[in-house]
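Colleague: take this sequence and fold it.
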Amino acid sequence: MLQKEFFQVQPFNPNPYWDPVIVNLSGAQKFEEDTVFMPGRYKVIVQAGGVYPVSLSVSGKIEQIVVVQEPFIIKAYCGSKATQNSGGVNLYTGPFKVNPIQGDVPNVNHIFGNCGSCSKGFYGAKGYGSGNSLGNGVIYNTAGGYSHACGAGSCLHFIPLNGVFGTDYLFAFHTTSAPACVAFAVQTGSGSAYGGSASGGAAPTGSQGETAQNGFIGGNTPYGSGGARSYSGTGILAYGYGYDGIGIGHGYAGETNPSDVTYYKGKGAAAWYNGTNWVQSDNWANPGEEGKIVVEYLGPLE
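Modeller: Model (predicted):
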(Lines give C-alpha, C1' and ligand atoms only; values in the text may rest on other atoms or scores of the structure.)
Protein backbone atom coordinates (compact mmCIF):
# COMPACT_ATOMS: atom_id res chain seq x y z
CA MET A 1 0.00 0.00 0.00
CA LEU A 2 1.27 3.49 -0.82
CA GLN A 3 0.87 6.29 1.68
CA LYS A 4 -0.51 9.57 0.25
CA GLU A 5 0.83 11.94 2.87
CA PHE A 6 3.71 12.53 5.24
CA PHE A 7 2.72 11.59 8.79
CA GLN A 8 3.82 14.14 11.39
CA VAL A 9 5.19 11.69 13.90
CA GLN A 10 7.92 11.71 16.48
CA PRO A 11 11.28 10.43 15.13
CA PHE A 12 11.36 7.57 17.63
CA ASN A 13 8.07 6.10 16.41
CA PRO A 14 9.10 2.73 14.87
CA ASN A 15 5.91 2.38 12.79
CA PRO A 16 5.05 5.70 11.11
CA TYR A 17 3.39 4.04 8.10
CA TRP A 18 0.28 1.92 7.89
CA ASP A 19 2.34 -0.56 5.88
CA PRO A 20 6.17 -0.59 6.07
CA VAL A 21 6.32 -1.52 2.37
CA ILE A 22 5.82 1.97 0.99
CA VAL A 23 6.41 1.10 -2.69
CA ASN A 24 5.71 -2.30 -4.20
CA LEU A 25 5.81 -2.43 -8.00
CA SER A 26 5.84 -5.48 -10.26
CA GLY A 27 6.02 -5.48 -14.04
CA ALA A 28 5.12 -2.36 -16.00
CA GLN A 29 4.16 -0.03 -13.12
CA LYS A 30 5.33 3.37 -11.93
CA PHE A 31 5.19 5.55 -8.83
CA GLU A 32 5.27 9.30 -9.45
CA GLU A 33 3.31 10.62 -6.46
CA ASP A 34 4.63 13.64 -4.58
CA THR A 35 4.28 11.78 -1.29
CA VAL A 36 6.86 12.98 1.23
CA PHE A 37 8.57 10.18 3.12
CA MET A 38 10.41 10.61 6.40
CA PRO A 39 14.09 10.04 7.20
CA GLY A 40 14.99 6.56 8.33
CA ARG A 41 16.38 3.20 7.31
CA TYR A 42 14.95 1.62 4.15
CA LYS A 43 15.44 -1.67 2.35
CA VAL A 44 15.43 -1.43 -1.44
CA ILE A 45 15.09 -4.17 -4.08
CA VAL A 46 15.21 -3.18 -7.76
CA GLN A 47 15.45 -5.57 -10.70
CA ALA A 48 14.81 -5.36 -14.44
CA GLY A 49 12.46 -7.63 -16.36
CA GLY A 50 13.65 -11.01 -17.63
CA VAL A 51 14.04 -12.29 -21.19
CA TYR A 52 12.00 -14.69 -23.33
CA PRO A 53 12.46 -17.55 -23.79
CA VAL A 54 13.51 -18.23 -20.22
CA SER A 55 17.12 -19.32 -20.46
CA LEU A 56 20.41 -18.79 -18.68
CA SER A 57 20.18 -15.04 -19.21
CA VAL A 58 19.72 -12.90 -16.10
CA SER A 59 18.74 -9.26 -15.59
CA GLY A 60 20.41 -6.72 -13.32
CA LYS A 61 19.38 -6.54 -9.65
CA ILE A 62 20.15 -4.33 -6.64
CA GLU A 63 19.32 -5.16 -3.02
CA GLN A 64 20.50 -2.63 -0.44
CA ILE A 65 19.71 -1.04 2.92
CA VAL A 66 20.12 2.74 2.93
CA VAL A 67 19.92 5.42 5.62
CA VAL A 68 18.09 8.55 4.45
CA GLN A 69 18.87 11.64 6.53
CA GLU A 70 16.15 14.01 5.26
CA PRO A 71 12.56 13.95 3.98
CA PHE A 72 12.32 12.79 0.37
CA ILE A 73 10.04 11.82 -2.49
CA ILE A 74 10.24 8.76 -4.70
CA LYS A 75 10.12 8.34 -8.46
CA ALA A 76 10.04 4.69 -9.50
CA TYR A 77 9.68 3.12 -12.95
CA CYS A 78 9.47 -0.66 -13.01
CA GLY A 79 10.05 -2.69 -16.19
CA SER A 80 8.15 -5.82 -17.11
CA LYS A 81 9.59 -9.10 -18.36
CA ALA A 82 9.40 -10.17 -21.99
CA THR A 83 6.83 -12.64 -23.26
CA GLN A 84 6.40 -14.72 -26.40
CA ASN A 85 4.45 -11.84 -27.91
CA SER A 86 6.19 -8.69 -26.70
CA GLY A 87 9.28 -7.13 -25.19
CA GLY A 88 9.13 -5.68 -21.70
CA VAL A 89 7.66 -2.24 -21.01
CA ASN A 90 8.82 0.63 -18.79
CA LEU A 91 6.15 3.34 -18.40
CA TYR A 92 8.62 6.25 -18.21
CA THR A 93 8.11 8.56 -21.22
CA GLY A 94 10.70 11.33 -20.77
CA PRO A 95 13.98 12.25 -22.47
CA PHE A 96 16.14 9.74 -20.56
CA LYS A 97 14.52 6.67 -22.10
CA VAL A 98 16.74 4.69 -24.50
CA ASN A 99 15.08 1.79 -26.31
CA PRO A 100 16.98 -0.87 -28.29
CA ILE A 101 17.87 -0.06 -31.89
CA GLN A 102 19.52 -1.77 -34.86
CA GLY A 103 22.83 -0.16 -35.82
CA ASP A 104 25.61 1.75 -34.08
CA VAL A 105 24.38 3.21 -30.79
CA PRO A 106 24.46 7.05 -30.45
CA ASN A 107 25.95 8.71 -27.37
CA VAL A 108 23.78 9.90 -24.46
CA ASN A 109 24.49 12.69 -21.96
CA HIS A 110 22.65 11.53 -18.82
CA ILE A 111 23.08 9.14 -15.88
CA PHE A 112 20.60 6.43 -16.91
CA GLY A 113 22.83 4.39 -19.23
CA ASN A 114 22.51 3.52 -22.90
CA CYS A 115 21.08 0.66 -24.96
CA GLY A 116 23.26 -2.21 -26.10
CA SER A 117 23.89 -2.85 -29.77
CA CYS A 118 22.39 -5.61 -31.87
CA SER A 119 24.32 -8.36 -33.57
CA LYS A 120 25.16 -8.58 -37.26
CA GLY A 121 24.07 -11.85 -38.82
CA PHE A 122 24.78 -13.44 -42.17
CA TYR A 123 22.76 -10.78 -44.00
CA GLY A 124 22.96 -7.65 -41.86
CA ALA A 125 21.54 -6.39 -38.58
CA LYS A 126 20.00 -9.11 -36.45
CA GLY A 127 18.06 -8.95 -33.22
CA TYR A 128 18.39 -6.17 -30.66
CA GLY A 129 20.34 -5.43 -27.52
CA SER A 130 18.50 -4.44 -24.35
CA GLY A 131 17.54 -0.88 -23.40
CA ASN A 132 18.81 1.34 -20.60
CA SER A 133 17.42 1.55 -17.05
CA LEU A 134 14.32 3.39 -18.29
CA GLY A 135 14.11 1.67 -21.67
CA ASN A 136 11.60 -0.77 -23.06
CA GLY A 137 12.48 -4.23 -24.23
CA VAL A 138 11.84 -5.43 -27.77
CA ILE A 139 10.86 -8.64 -29.56
CA TYR A 140 12.66 -10.15 -32.54
CA ASN A 141 11.06 -12.86 -34.64
CA THR A 142 13.48 -15.02 -36.60
CA ALA A 143 12.83 -16.37 -40.08
CA GLY A 144 11.91 -19.71 -38.56
CA GLY A 145 9.13 -18.12 -36.51
CA TYR A 146 10.93 -18.18 -33.16
CA SER A 147 10.52 -15.25 -30.80
CA HIS A 148 13.38 -13.77 -28.80
CA ALA A 149 12.64 -10.81 -26.55
CA CYS A 150 14.27 -8.82 -23.76
CA GLY A 151 12.65 -7.23 -20.74
CA ALA A 152 12.56 -3.57 -19.72
CA GLY A 153 14.84 -1.73 -17.31
CA SER A 154 13.85 -0.64 -13.80
CA CYS A 155 14.83 2.63 -12.10
CA LEU A 156 14.28 4.10 -8.61
CA HIS A 157 15.30 7.51 -7.25
CA PHE A 158 15.04 9.01 -3.76
CA ILE A 159 14.83 12.74 -4.47
CA PRO A 160 15.19 15.69 -2.07
CA LEU A 161 12.16 17.94 -1.66
CA ASN A 162 11.79 20.25 -4.67
CA GLY A 163 14.39 18.17 -6.52
CA VAL A 164 14.27 17.35 -10.25
CA PHE A 165 14.28 13.76 -11.53
CA GLY A 166 17.51 13.02 -13.34
CA THR A 167 19.40 15.91 -11.73
CA ASP A 168 18.85 15.73 -7.96
CA TYR A 169 18.99 12.48 -6.02
CA LEU A 170 19.86 11.30 -2.53
CA PHE A 171 20.02 7.68 -3.66
CA ALA A 172 19.51 6.17 -7.13
CA PHE A 173 19.15 2.59 -8.39
CA HIS A 174 19.39 1.58 -12.07
CA THR A 175 19.03 -1.90 -13.58
CA THR A 176 18.78 -3.22 -17.14
CA SER A 177 17.55 -6.41 -18.72
CA ALA A 178 19.73 -9.02 -20.33
CA PRO A 179 19.56 -9.15 -24.11
CA ALA A 180 18.04 -12.21 -25.75
CA CYS A 181 20.19 -14.46 -27.92
CA VAL A 182 18.89 -14.65 -31.49
CA ALA A 183 21.11 -17.07 -33.39
CA PHE A 184 23.84 -19.41 -32.22
CA ALA A 185 26.79 -17.49 -30.75
CA VAL A 186 26.07 -14.19 -32.52
CA GLN A 187 25.09 -12.42 -29.33
CA THR A 188 23.60 -8.97 -28.75
CA GLY A 189 24.83 -6.51 -26.12
CA SER A 190 23.08 -5.51 -22.91
CA GLY A 191 22.13 -1.97 -22.08
CA SER A 192 24.02 -0.16 -19.36
CA ALA A 193 22.88 1.28 -16.04
CA TYR A 194 25.38 4.18 -15.87
CA GLY A 195 28.56 3.52 -17.90
CA GLY A 196 28.93 2.34 -21.49
CA SER A 197 26.73 -0.34 -23.06
CA ALA A 198 27.92 -3.56 -24.70
CA SER A 199 28.40 -4.30 -28.38
CA GLY A 200 26.94 -7.21 -30.32
CA GLY A 201 28.77 -9.91 -32.22
CA ALA A 202 29.17 -10.42 -35.96
CA ALA A 203 28.90 -13.44 -38.25
CA PRO A 204 30.71 -13.90 -41.55
CA THR A 205 28.63 -13.64 -44.71
CA GLY A 206 28.15 -16.09 -47.55
CA SER A 207 26.93 -19.66 -47.62
CA GLN A 208 30.26 -20.88 -46.23
CA GLY A 209 31.27 -17.70 -44.45
CA GLU A 210 33.54 -16.56 -47.25
CA THR A 211 33.40 -12.86 -46.30
CA ALA A 212 34.23 -11.28 -42.95
CA GLN A 213 32.17 -8.34 -41.66
CA ASN A 214 32.16 -5.84 -38.84
CA GLY A 215 29.58 -5.51 -36.07
CA PHE A 216 27.98 -2.50 -34.37
CA ILE A 217 29.51 -0.47 -31.54
CA GLY A 218 28.03 -0.14 -28.07
CA GLY A 219 26.81 3.19 -26.70
CA ASN A 220 28.88 5.79 -24.86
CA THR A 221 27.72 7.73 -21.81
CA PRO A 222 29.52 10.51 -19.90
CA TYR A 223 30.59 7.78 -17.45
CA GLY A 224 31.98 5.09 -19.76
CA SER A 225 32.61 3.99 -23.34
CA GLY A 226 30.52 1.53 -25.27
CA GLY A 227 31.82 -1.88 -26.24
CA ALA A 228 34.17 -1.92 -29.23
CA ARG A 229 33.11 -2.97 -32.69
CA SER A 230 33.40 -6.71 -33.28
CA TYR A 231 34.83 -8.31 -36.42
CA SER A 232 34.17 -11.77 -37.74
CA GLY A 233 36.72 -13.97 -39.43
CA THR A 234 36.06 -16.08 -42.49
CA GLY A 235 34.65 -19.57 -42.29
CA ILE A 236 31.20 -20.88 -41.46
CA LEU A 237 31.70 -20.62 -37.67
CA ALA A 238 34.13 -17.69 -37.56
CA TYR A 239 31.99 -15.51 -35.32
CA GLY A 240 33.30 -12.29 -33.85
CA TYR A 241 32.07 -11.75 -30.30
CA GLY A 242 30.95 -8.44 -28.87
CA TYR A 243 32.61 -6.54 -26.06
CA ASP A 244 31.54 -5.34 -22.62
CA GLY A 245 31.07 -1.63 -22.10
CA ILE A 246 33.41 0.33 -19.82
CA GLY A 247 32.58 2.03 -16.53
CA ILE A 248 30.40 1.49 -13.46
CA GLY A 249 27.18 -0.30 -14.39
CA HIS A 250 28.48 -1.16 -17.88
CA GLY A 251 26.66 -3.44 -20.29
CA TYR A 252 27.72 -7.06 -20.86
CA ALA A 253 28.38 -8.81 -24.16
CA GLY A 254 27.36 -12.13 -22.66
CA GLU A 255 29.08 -15.46 -22.18
CA THR A 256 29.53 -17.81 -25.12
CA ASN A 257 31.16 -21.17 -25.72
CA PRO A 258 33.05 -21.66 -29.01
CA SER A 259 32.59 -25.42 -28.74
CA ASP A 260 28.82 -25.07 -28.41
CA VAL A 261 27.42 -22.34 -30.65
CA THR A 262 23.95 -22.71 -29.12
CA TYR A 263 25.20 -21.73 -25.64
CA TYR A 264 24.56 -18.15 -24.55
CA LYS A 265 24.23 -16.44 -21.18
CA GLY A 266 23.38 -12.74 -21.30
CA LYS A 267 23.63 -10.46 -18.28
CA GLY A 268 21.91 -7.17 -17.52
CA ALA A 269 23.64 -4.29 -15.77
CA ALA A 270 23.10 -2.58 -12.41
CA ALA A 271 24.51 0.48 -10.66
CA TRP A 272 23.42 2.58 -7.70
CA TYR A 273 24.29 5.88 -6.05
CA ASN A 274 25.03 5.31 -2.35
CA GLY A 275 24.75 8.94 -1.27
CA THR A 276 28.37 9.70 -2.12
CA ASN A 277 29.49 7.61 -5.10
CA TRP A 278 28.13 5.47 -7.91
CA VAL A 279 28.75 1.77 -7.28
CA GLN A 280 28.37 -1.24 -9.55
CA SER A 281 26.06 -4.03 -8.40
CA ASP A 282 27.24 -7.50 -9.42
CA ASN A 283 23.96 -9.10 -8.54
CA TRP A 284 21.40 -10.66 -10.86
CA ALA A 285 17.79 -11.78 -10.75
CA ASN A 286 16.81 -15.37 -11.48
CA PRO A 287 16.22 -16.22 -15.17
CA GLY A 288 12.81 -15.16 -16.47
CA GLU A 289 11.76 -13.21 -13.37
CA GLU A 290 9.41 -10.26 -13.50
CA GLY A 291 10.84 -6.80 -12.91
CA LYS A 292 10.17 -5.34 -9.48
CA ILE A 293 10.79 -2.36 -7.22
CA VAL A 294 10.23 -2.70 -3.48
CA VAL A 295 10.94 -0.06 -0.84
CA GLU A 296 10.43 -1.07 2.80
CA TYR A 297 10.72 1.16 5.86
CA LEU A 298 12.88 -0.57 8.48
CA GLY A 299 12.93 2.00 11.25
CA PRO A 300 13.96 5.50 12.34
CA LEU A 301 17.43 6.94 12.31
CA GLU A 302 19.60 5.52 15.07
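
Colleague: below-threshold pLDDT in this structure: ranges please.
Modeller: In the predicted model, the chain carries pLDDT under 70 at residues 1-15, 144, 182-185, 258, 261.

Colleague: quick one, helices of it?
Modeller: Along the chain, counting by DSSP state H, no stretch forms helices.

Colleague: got the contact list for the residue nearest to the spatial centre of it?
Modeller: The centroid of the chain falls nearest to residue 176 when counting by C-alpha atoms, centre = their mean (0.6 Å). Residue 176 makes contact with 48, 59-60, 113, 130-133, 135, 153, 190-193, 251, 268-270 under the criterion C-beta atoms under 8 Å, 6 or more residues apart in numbering. Heads up, the C-betas are built off the backbone N, CA and C, glycines and all.

Colleague: only the buried subset of those residues, as a PyMOL command please.
Modeller: What follows is the PyMOL syntax selecting those of the contacts of residue 176 that are buried according to 16 or more other C-beta atoms under 10 Å:
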select buried, resi 48+59+60+113+130+131+132+133+135+153+190+191+192+193+251+268+269+270
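
Colleague: so which of the contacts of residue 176 sit within strands?
Modeller: Secondary structure defined by DSSP state E assigns residue 270 of the contacts of residue 176 to strands.

Colleague: residue 126 reaches residue 103, doesn't it?
Modeller: No: in terms of C-beta atoms under 8 Å, residue 126 does not count as a neighbour of residue 103; the distance is 11.6 Å.

Colleague: what is in contact with the two at once?
Modeller: Taking C-beta under 8 Å, 6+ apart as the contact criterion, the common neighbours of residue 126 and residue 103 are residue 118.

Colleague: between the two, point out the one with more neighbours.
Modeller: In this comparison of residue 126 against residue 103, neighbours counted by other C-beta atoms under 10 Å, the higher total goes to residue 126 at 21 against 11.

Colleague: could you find the closest non-adjacent residue to the more buried one?
Modeller: Sequence neighbours aside, residue 119 is the residue nearest to residue 126 in space, at 4.9 Å (criterion: C-beta to C-beta, 6 or more residues apart in numbering).

Colleague: what's the neighbour count on the one you found?
Modeller: Residues near residue 119, counting by other C-beta under 10 Å, number 33.

Colleague: wait, isn't it in contact with residue 214?
Modeller: No: in this structure, residue 119 is not within contact of residue 214 by C-beta under 8 Å, at 11.7 Å.

Colleague: mutual contacts of those two, please.
Modeller: For the pair residue 119 and residue 214, residues contacting each of them under the criterion C-beta under 8 Å, 6+ apart are residue 202.

Colleague: what comes into contact with stretch 122-129?
Modeller: Residues from elsewhere that reach stretch 122-129, judged by C-beta under 8 Å, 6+ apart: 100-103, 105, 115-121, 138, 140, 148, 150, 179-183, 186, 188-191, 197-198, 200, 203-206, 216, 218, 251.

Colleague: in PyMOL, how would I select just the buried ones from these?
Modeller: Applying 16+ other C-beta under 10 Å to the contacts of stretch 122-129 leaves a buried subset, and the PyMOL line that selects it is:
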select buried, resi 100+101+102+105+115+116+117+118+119+120+121+138+140+148+150+179+180+181+182+183+186+188+189+190+191+197+198+200+203+204+205+216+218+251
